[in-house]
Structure formats: C-alpha cells, structure tokens
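Student: The sequence and its predicted three-dimensional model are supplied below.
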Amino acid sequence: MNSYKFDWNVIDKYFPELIRGLGITLEISLVGMAIALVFGLLLAMGRLSSMRFIRTVANAITQLFRSIPLFVMLFWVYYGLSLKFHILFTEFQAGALALGITGGAYMAEVFRGGLMAVDPGQREAAMAMGISRGTTFSHVIFPQALRVVIPPSVNVYVGLLKGATIVSVIGVSDMIYVAQYVSLQTFTPFELYSVAGIIFVALTVSISGFAWMLERRLGRGRSD
Amino acid sequence: MTSAEPFFDFTSVWSSMPMLLKGFGIAMACATVAIILAIILGLIVALMRLSRIKFLRWFAFIYTQFFRGIPLYVLIIWVYFGLAIAAGVNLPAIPAGILTLALLNSGYLSETFRSGILAINKGQVEAGTALGLSRRNVMRHIILPQAFRVIIPPLGNQYVDAIKDTAILSIIGVPELMRESKALANLYYRPFEFYTFAGLLYLFAVLVVSRGISVVEKKLSAHSAQTPATIALSK
Amino acid sequence: MSNLSGVSSIGEPEFLKLVDVSKTFGSHRVLDKINLTVSEGEVLVIIGPSGSGKSTLLRCINFIAAPDEGEVIFEGHVWKSRISKYNFLANRRYEQKLTALRSEIGMVFQNFNVFPHMTAAQNVMLGLTKVRKQNKDLARKAAVEALTQVGLADKVDQYPDKLSGGQKQRVAIARALALKPKVMLFDEATSSLDPELVNGILEEIRRLAKAGMTMVVVTHEMNFAFQVAHRIVFMDEGRIVEIGTPEEIRKTTEPRTRSFLSAILN
C-alpha cells in the first residue's frame, strides 16, 4: 500500500529558501563560466600556437579535461587536490574551479572554432600595416571570432548550469541541497524535487532558446 | 609500513585494481544498455516529431525539450528518491540509473535523428514514392539507412557523454567506478591517487570509443556515396 | 600608348632589393632564389601564370610570408625572416622589429581584407593609432582625408558590408596610404572585382604611379601592366624568367614569355 502523503504546501513554505539555493547555483555556474572563458581562451590560443610543443600540450589538456566527468573532477579538486597540496578550498571555490576546468576544455573547442573561422587575410592585412601580433589579435581577430563564439558559448554555459547541480554533493547549499535538506524534515521529496526540476527545465530551456535566437540573428547579419 | 609517506602513492590503487575494473565494467555496461534504449526511444520520438498528427508532434517536442533541459543529477534523484518513494516503488539502483540515463539521452538523440532524417535529400523520398513504395517503406528502406550514416558521429558523442554521466549514478548507489573510487579513496585516505586513476580510466574509455567511431565512420563513408539500392532508386 | 615619365623620375637605384629569396611549401618550391632590385619611384609589374609564385614573392617583401632563405634590403637595412635557428624568443622579438619594415610598405590584397567589424574610418584609423601612435582625433582627420582622396568622402562611417567591392578596395587603399608608406604592393587588386569596377581601381594605382610612388604590382590586366610599368617581370614556376621594359617584353624572343603573352592577349 502506498503510504506517501502529498503535501504541496511545503513548496509555499520553503519557496524563498529554494530560490536562494537557485541563486547560489547561478552564482557558482557564472563564476565557473568566467574561469572557463579565460582558461578556454588560453587553451585555444595554445592549440593554434605556431610552436608544436605548445600545441601538443594544449591539445592533450583539452582532451583530458573534456574526458573526465565533471563529477570526478569535483571530487578530484575538492578532496584530491586540496589534500595533496594542502589547499583549503571552500566548497564553493572547489565547485567553481571544477566547473571552470571542465567548461574551459569545452570553451577551448568553441574558441578554436571561432578563431579559425576568421579569414586568414585579416591577419595578413593587419600584419602588412605593421600592427603588432598582440594588437592584431585583440583588435582584428578576436572581435570577429567573438560573433561566431557567442551562441555555442551560451550552450556551454547551459551545460555548466546543469552540471552545477551536483555541487551539493560536496555541501554547497544550492537548490538541490535545500530540497534534500528540507525533505529530510518534511518527508516530501517528490514535491520538492519536482519543483526544483521544473525550475531547472524552465531555466535551461529558455537560455537555450535564447542561444538559438542569437545564433539565427548573428548568422543572418553575417552575409555580406 | 614505513614511516616516511611517499608524496604520490599508487600502491593502494594497484592493489584495488579488481574492484576498480569491476566498477569500470559496470559503468560501461550501464552506459551501453542506456544508449541502446535511448536509440530506440529517441528514434520513436524523432518519428513522432515528424508525424502528420499534431498531438504526437507536440508531445515529442515537449519530451525533447524536457529531457534536454533537465540536469541528470536532478532527474536521477527525482526518479530514485522522489518518484519511487511517492509511488511506493522499490526500484533497484542499477535499473533506475539505466532508465534515467536512457531517458536523458533519448531527448538528445531524438534531435540528432530528426536532423539526420531531415538531412536526406528530398529527391530520395520522391524517387521512392515514385516507385510506388509506401510512406513507411520509404522511411524504412530509403531514409533511415542513409540517415544512419549522418548520425554516427553525434551518436558516438552521445555515447561518450553517457559513459561520463555514469559517474553520477554513484549518488543512488550503483557500484560503478566512481562509487568504488570514493569508497577506496576514503578507506586508504588517498583521494588524489584514486580520483586521478578514475579520471584516466574515463579518458581511456572516451579515447577508445572516439577511435572506434571514427573507424566506423570511415568504413561507412567508403561506400556511402551510392549503394546499389540508392542508385537503383534515384534513377 | 601613353609612355610614363620613364627612367628620368627614378631615384635611388637600389631602394628595395631581394637577395636569393626562396620559399618552400611542403615539397613544392614556390620561390627559387629570387633576386630583384626596385629603384625609388619605380613601378615594377609582375606577371605570370597562376601558381608561378607572384603573390608569395610579394608577401616575402614585407615578411607576411616568411621566406626560408634570403634577405630583403630596404633603404640599406637588411631584413630576414628570423635571426636565430633555434631561439624562439629571439625570433619573436625580431618579429616585433619587422613591424617597422611593414609599416613602411603598404599592401593591397585581392580579397580587400578590410576589417568587417570596423567602419571605413576605423579601418584607416587602426594603423594610425596603433602603429603611428597618433591620437584619435588626429587619426580620424587623417582617415577622412585619406578616404576623401579615394572618393569615399560620403562613406566614412559605413561598415564594409554596406560597400561595393570597388569601395571596399578603396578603403583598403586608403588604409595603406594613410600610413604614408614608401613602397606599395598590389596583389591582384582588381581580380575579385566586377568588371565595371576594375577601371576605377586601376585609375587609383595609375594616380599613385604618377605621384612617383614606388610600387610592386601583381596583375592580370596586361594592357594596364604595359602602360604603367617601368619594368615588367615575368615569373614562372617560382623563378624570374625575364625582366625588361614593356617595350623589351613585348618584343621578347623568350619562348615561355611569348606563349604566356599570346595566350593572354588573344
């Protein structure tokens, strides 16, 4: 016999807490994305370097970090790295770092594609004017790559946002953590997880939709 | 036991190898079964999205959006700790894990299949229809075999993702690689070594699968240009 | 036939000199020990079949393609593509110095290579602010002036996707000229233009020639080449087959040059 008692009032009661948890999920995913952007750009530049050694290393790092599950990465950073090198990460820092490393490997791919999409003639033209390597990258190549890079970056972010839900396992008090914690007291896991799930789906679907729109708009402006 | 602890010490990893490999095997098995189920489900949903019946199209659209949007971790605790408890079902961990992975991946795969099917030249459909084949036979004998080739690379990526995703099944107690690594890392107090090794095993799996996919892809494309069947039909 | 000012306007005889310049892509030798001298004020036109190495030669003059061997001597300075065989960092530092050479040599490309994310004025200003270190106001004034000279006074703030091919190429010419280069390189500047726009760009090049600009021009426009050149270089398979005045080339007995010219002129 099913003895589960549904009680949707629990949602009303704990809604502010759930939303606060969602705020933490957003925060950690955004910090992770910021790390991923920097790390990914460096990796991509390494992969396009004229030095073979740098290319090989950057390719290997990208492949490695793309292949390791985020969940393993999280434990590797939070328990492995911190114990081995005596770095006292907070749960939040470890989570953001793991997201940043994994996301960085994905962003490396995105940036590489974007940079390679820029016509080599652009670099030639800038070089021919005597513009330095750095300025050529920052003023000519990168701004053009950016346009190609934005839509897939949003998709990487959606991936990180979804990935960020697992940080509760190391004790970050995100929405899932709140749901777990509350359901221990109220014994209403179904209601709490359902609401958390629906909120997530709404969030990720709307961000993905935004990326799709962006892609179409940027794609259209490109024809010249 | 010596008093001086080496900085990196993988001896406990080596001695735990049978357990780790067994966990790895379970992870691979879960991913493989899940992806097979996901292919079947995904194909059904893709065909529903291309159906002439509006209700089926809508259902398939929502199905796809939902399973592509929901994080695996949220879905798995919802299935295992929410739905199962609310419905009073005592779902064992491994089937629950496989089911969850299959549902999630079917969402992605249905999109892959749909675009693969749409990528097939319209002339192929016309040629098949002109021969007097039924809609169903055109789909089965003309479109799907061709779509299959387009689909191989994204299907391979999905399989790779599924393998990586099995790590999350440790949450509900599936004794896969991550679960075993966690237990052993705590037992020997060597998290760095165990998680590093686990990471390398996942890397190994990913590399092997990617390699396999590119071999299959090459083989298919070698005689994909026009098989006798498509030549006969396109005339 | 309009004969240009002729040898009289030519100054310093070894203004720009290429010594034994060679380049290999894979196993294909694109340039094979090229030696060439350009005098100040000279218009040198390079002709030859496609794949003969004309464009690569042009790119080796300002090192946007690095020659494997050989050097470029410009105003008495010797330039190479690298100074060390192994020291990567030294080569990187040297490359920074190469920018000084490049800023003295303007280049115009077949595919325009205007920067699509910048307006016409911004295209011109980039070199002025970043290479010549001018402030923005000054650079803007110079940019408007340069664009006006090529007939784009009304397109100053347009983005390239609103410009025709001919207008884009004018922006590219203005962009190069604004830096007040001492040499201009033209790499098939009219090859991607619609036929009706070709003459306008050729007119710009002719105007520069009259003003005494030193130029190396790669082109397929033979009539133009024979009108504007002081000397014509015929290249084939990475080598210079023949150099001569238009008159000499026209009357040449060299079989490869003859067959190329008769194929093109008929």
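Tutor: Arrived safely.
Student: Tell me which helix or strand the nearest residue to residue B:177 once chain neighbours are set aside sits in.
Tutor: Among residues not flanking residue B:177 along the chain, residue B:23 sits closest, at 4.0 Å (Cβ to Cβ, 6 or more residues apart in numbering or on different chains). (Each C-beta comes from the backbone N, C-alpha and C, glycine too.) Assigned by DSSP states H and E, residue B:23 belongs to helix B:17-49.
Student: Quick check: closest non-adjacent residue to residue A:130.
Tutor: residue C:103 (2.9 Å).
Student: Quick check: residue C:241 is in a helix.
Tutor: No: checked against DSSP: H, G, I helix; E, B strand; the rest coil, residue C:241 lies outside a helix; its state is strand.
Student: Verify the stated contact: it with residue C:257.
Tutor: Yes: judged on Cβ atoms under 8 Å, residue C:241 makes contact with residue C:257 at a distance of 6.0 Å.
Student: gap between residue B:141 and residue B:124?
Tutor: From residue B:141 across to residue B:124, the span is 11 Å (Cβ to Cβ, to the nearest Å).
Student: residues near residue 131, how many?
Tutor: Chain wasn't specified; assuming chain A. Residues within reach of residue A:131, counting by other Cβ atoms under 10 Å in any protein chain shown, total 22.
Student: Correction: the question concerned chain C.
Tutor: With other Cβ under 10 Å as criterion, residue C:131 counts 19.
Student: Just confirm the residue nearest to residue A:130 contacts residue C:133, I think it does.
Tutor: No: Residue C:103 is not in contact with residue C:133 according to Cβ under 8 Å; the separation is 10.8 Å.
Student: So for those two, which sits in the more crowded spot?
Tutor: A direct count of neighbours by other Cβ under 10 Å for residue C:103 and residue C:133 places residue C:103 higher, at 21 against 8.
Student: Need the three-state assignment for that one.
Tutor: From three-state DSSP, the assignment for residue C:103 is helix.
Student: on that earlier part again, I figured the residue nearest to residue B:177 was touching residue B:180, is that so?
Tutor: Yes: with contact defined as Cβ under 8 Å, residue B:23 counts as touching residue B:180 (3.6 Å).
Student: which of these two has more neighbours?
Tutor: Remark: of residue B:23 and residue B:180, residue B:23 carries more neighbours, 25 against 22, as counted by other Cβ under 10 Å.
Student: The more buried one and chain A, how far apart?
Tutor: Counting by Cβ to the nearest Cβ, to the nearest Å, the gap from residue B:23 to chain A is 12 Å.
Student: Return the per-residue confidence for that residue.
Tutor: In this model, residue B:23 is scored at 93, pLDDT.
Student: Get me the contact residues on chain A for chain C.
Tutor: A:51, A:119, A:121-122, A:124-133, A:135, A:139-140, A:143-144, A:147, A:223-224 (Cβ under 8 Å from any Cβ of the partner chain).
Student: So what does the closest residue to residue A:207 other than its chain neighbours look like in phi/psi?
Tutor: Distance criterion Cβ to Cβ, 6+ apart; nearest residue to residue A:207, sequence neighbours excluded, is residue A:158 at 5.3 Å. Dihedral angles of residue A:158 (phi, psi; degrees, to the nearest 10) stand at phi -60, psi -40.
Student: repeat for residue C:44
Tutor: When quoted as degrees, to the nearest 10, the phi and psi of residue C:44 stand at phi -110, psi 120.
Student: picking up where we left off before, next, the contact list for the residue nearest to residue B:177, please.
Tutor: B:175, B:176, B:177, B:178, B:179, B:180, B:181 (Cβ atoms under 8 Å, 6 or more residues apart in numbering or on different chains).
Student: I'd like to know which of these are part of helices.
Tutor: Using DSSP state H, the members of the contacts of residue B:23 that fall within helices are B:177, B:178, B:179, B:180, B:181.
Student: coming back round to it: touching, the residue nearest to residue A:207 and residue A:206? I think so.
Tutor: No: when contacts are counted by Cβ under 8 Å, residue A:158 is not listed as touching residue A:206 (9.9 Å).
Student: for residue A:214, what are its contacts?
Tutor: A:150, A:151, A:154.
Student: Among these, name the buried ones.
Tutor: Among the contacts of residue A:214, those buried by neighbour count (16 or more other Cβ atoms under 10 Å in any protein chain shown) are A:151, A:154.
Student: Just give me the closest of the contacts of residue A:214 to residue C:85.
Tutor: The nearest member of the contacts of residue A:214 to residue C:85, counting by Cβ to Cβ, is residue A:150 at 41.9 Å.
Student: In contact with that closest one, which residues?
Tutor: Residue A:150 neighbours (Cβ under 8 Å, 6+ apart): A:214, A:218.
Student: Need the three-state assignment for the closest residue to chain C within chain A.
Tutor: Closest contact between chain A and chain C, by Cβ to the nearest Cβ, is at residue A:130 (2.9 Å). Secondary structure state of residue A:130, per three-state DSSP, is coil.
Student: Was I right to think it contacts residue C:102?
Tutor: Yes: judged on Cβ under 8 Å, residue A:130 makes contact with residue C:102 at a distance of 3.9 Å.
Student: So which residues of chain B form helices?
Tutor: Going by DSSP H, chain B shows helices at B:11-15, B:17-49, B:54-69, B:72-77, B:84-87, B:93-118, B:122-130, B:135-137, B:144-165, B:177-188, B:191-222, B:228-234.
Student: and the first one, how far from the chain's centre?
Tutor: Which is helix B:11-15. Its chain's C-alpha centre and that of helix B:11-15 lie 31 Å apart, by Cα atoms, centre = their mean, to the nearest Å.
Student: same deal with stretch C:71-79?
Tutor: That offset, for stretch C:71-79, works out to 17 Å (Cα atoms, centre = their mean).
Student: Stretch B:154-164 too?
Tutor: Chain-centre distance of stretch B:154-164: 5 Å, with Cα atoms, centre = their mean.
Student: what's the average pLDDT for it?
Tutor: 94.
Student: Run through who's touching that stretch.
Tutor: A:67-70, B:27-28, B:31-32, B:34-35, B:38-39, B:101, B:105, B:108-109, B:112, B:116, B:202, B:205-206, B:209-210, B:212-213, B:216-217.
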